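Trainee: Generate coordinates for the sequence data below:
(one chain, ligands or ions: 1)
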Amino acid sequence: MNTIVELTGLTKTYGKTKAVDAVNLKLEEGKIYGLLGRNGAGKTTIMHMITAQMFPTEGKIRVFGEEPYENAGVLNRICFIKESQKYPDTFRVADVLNVAKLFYPNWDAAFANQLVEEFRLPLKRKMKKLSRGMLSSVGIIVGLASRAPLTFFDEPYLGLDAVARSLFYNRLLEDYAEHPRTIVLSTHLIDEVSQMLEHVIVVDKGRVLLDEEADALRGRASTIVGSLQKLELLLEGKEVIHREPLGSLGTATVLGELSERDRRRAAEFGLEITPVSLQQMIVYMTNAKVGQEKGVSK
Ligand SMILES: Nc1ncnc2c1ncn2[C@@H]1O[C@H](COP(=O)(O)OP(=O)(O)OP(=O)(O)O)[C@@H](O)[C@H]1O
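Mentor: Residues are numbered from 1 along each chain as shown. The predicted structure is shown next:
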């Protein structure tokens, strides 16, 4: 796999705030990444620096092997869709698509038109007259139809209803299968996107807390439910990251893979085991309860 983004010691400070703190990260070609973390974690700041919209205070950035700043050859291979995108007052939806067509070398006009129909966008309406969800749809269409080798979606769906979000996920996956590229999704709707993600990066307080393949992460924790007494027997010697008693029953979340023996014992005890969702996992991690635990943070 080719590395297309490499960050070394990337730091951004605002006065005393370290928005991004010595981040080392690599993004590879042809993968869908989730860039996740709580509000203010530093996700947008990292994306702004990779896309040359902001200088780092310290550190090195290489995108397609080069410095991205004022580098047209790099920048026209990047598409950055953000929730707060501004448009000129006179622009209509059609104008945005026409400008995008000039800017992105891989622009697929037929695909853009198909998406306009599917998202039910009025091409002639002025951007400033669009509803919040419609504005988000325009961003999504530009992000998908640009087919940029490196595409960032930073919380792209403010105001978008569930049907439109599902349309976005489906079209993204279909188009990615035909035209593989690197896509970075930054979102708080982790459960909705978790099945699409191949690699997960969790940022907290400006630092990378986790940088791991999604498949490996999915087996990292399990929730066990059943009789409190039996549960305690099974939990002996395990790293428990969350516990919730409920009368004579209990729920516990444990880190690490459960062995065959554990599973057999759980079945004998009548305990039920379920995998922990990515969202739950990240909530536990960024609650700082387990952020420093061995085996979770890198
Ligand atoms: N222009 C700025 N001036 C001062 N502080 C800033 C500025 N931009 C960002 N910050 C601070 O940097 C930190 C990281 O912000 P950033 O927008 O990167 O977080 P985020 O992970 O994208 O958050 P969210 O999920 O809420 O969008 C926050 O503490 C924020 O207050």
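
Trainee: What separation do you get for D161 and S131?
Mentor: According to CB to CB, to the nearest Å, D161 stands 10 Å off from S131. Every residue, glycine included, has its C-beta placed from N, CA and C.

Trainee: How about stretch 48-58 and the ligand, any contact?
Mentor: No: Stretch 48-58 lies apart from the ligand when judged by CB under 6 Å from any ligand atom; the minimum separation is 7.6 Å.

Trainee: Give me the contact list for that stretch.
Mentor: 5, 7, 9-13, 20, 22, 45, 61, 63, 68-71, 74-75, 78, 80, 152 (CB atoms under 8 Å, 6 or more residues apart in numbering).

Trainee: near the ligand, from these?
Mentor: When contact is defined as CB under 6 Å from any ligand atom, the contacts of stretch 48-58 meet the ligand at T45.

Trainee: What segments of the chain are strands?
Mentor: Applying DSSP state E to the chain gives strands spanning 3-14, 17-28, 32-36, 58-63, 78-82, 150-154, 182-186, 199-204, 207-213, 221-227, 239-246, 249-255, 272-275.

Trainee: What residues are bridge-paired with V254?
Mentor: Beta-bridge pairing of V254 under DSSP bridges involves S222, V240.

Trainee: so what's the residue sitting nearest the centre point of the chain closest to, chain neighbours aside?
Mentor: What sits nearest the mean C-alpha location of the chain, by CA atoms, centre = their mean, is G34, with 2.4 Å. Among residues not flanking G34 along the chain, L197 sits closest, at 4.1 Å (CB to CB, 6 or more residues apart in numbering).

Trainee: Then S248?
Mentor: L228 is the one closest to S248 (CB to CB, 6+ apart), at 5.7 Å.

Trainee: Then A214?
Mentor: L197 (4.7 Å).

Trainee: which residues touch that neighbour?
Mentor: Contacts of L197 by CB under 8 Å, 6+ apart are I32, Y33, G34, L185, A214, L278.

Trainee: How much space separates the third one from V184?
Mentor: Spelled out, that is G34. 8 Å.

Trainee: Thank you kindly, that will do.
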